[in-house]
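Participant: Got a sequence here, can you build the structure:
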Amino acid sequence: MPAVYAGGLIFGLGLAISGMARPEIVLDFLQFEDFGLLFVMGGAAVVTGIVFAVATRLDSTAPLTGSEYTRRVKEFDSNVVVGGVIFGVGWGVSGICPGAAYASVGIGNLPILWAIGGMFLGAYAQGYLRSRGSTA
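Facilitator: Below is the predicted model of the structure:
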């Protein structure tokens with residue numbers, strides 16, 4: 001478990017340093033006024049791709065769980081589209097994505113707690129609707 005916390009701390013620190021935990025910077029990016037986050041996300045994608053390529057060749061199991069690496073293929077259906085649209089609208093309105101929201105609290109942005117509360121309510125509503133047999 002300490003490795004998970006350390007990874008989260010490093011991730012949050014990276015979000016804070018890069019500016020991705022500051023909604024005003026994210027909103028500037030989404031409005032095509034500041035492209036700095038494009039380099040942050042691109043750099044993260046390159047590092048992640050390299051780590052996954054190397055890690056899966058060195059060992060066939062995940063270091064923390066011992067589970068075998070597998071590829072999870074999810075069906076592309078209306079739930080994926082609707083969920084993506086809701087996520088995108090929430091990101092655009094609040095200027096923050098779920099992972100960065102927690103890092104934003106860590107740098108003192110307490111009003112972001114409203115967005116975090118909205119994320120929890122949305123997740124609860126989705127779980128409730130799904131348990132009642134809805135396709136949401």
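Participant: check which helix or strand covers the most centrally placed residue in the chain.
Facilitator: Nearest to the mean C-alpha position of the chain, by Cα atoms, centre = their mean, lies G99 at 4.4 Å. Secondary structure from DSSP states H and E places G99 in helix 98-106.
Participant: Hey, what's the angle from whichever helix or strand comes after that helix to helix 98-106? Just curious.
Facilitator: For helix 98-106, the following helix or strand on the C-terminal side (DSSP H and E) is helix 113-131. Helix 113-131 and helix 98-106 are oriented at 150 degrees to each other (axes from the mean of the first three to the mean of the last three Cα atoms, to 10 degrees).
Participant: tell me what helix 113-131 is packed against?
Facilitator: helix 78-94, helix 98-106 (3 or more Cβ pairs under 8 Å, 6 or more residues apart in numbering; DSSP states H and E). For every residue, glycine as well, the C-beta is placed using N, CA and C.
Participant: With respect to S131, which of the ones you listed lies nearest?
Facilitator: For S131, the closest of the helices and strands packed on helix 113-131 is helix 78-94, at 14.7 Å, according to Cβ to Cβ.
Participant: who's in contact with that closest one?
Facilitator: Residues from elsewhere that reach helix 78-94 (Cβ atoms under 8 Å, 6 or more residues apart in numbering): 23, 26-27, 30, 74, 97, 101, 112, 115, 118-119, 122, 135-136.
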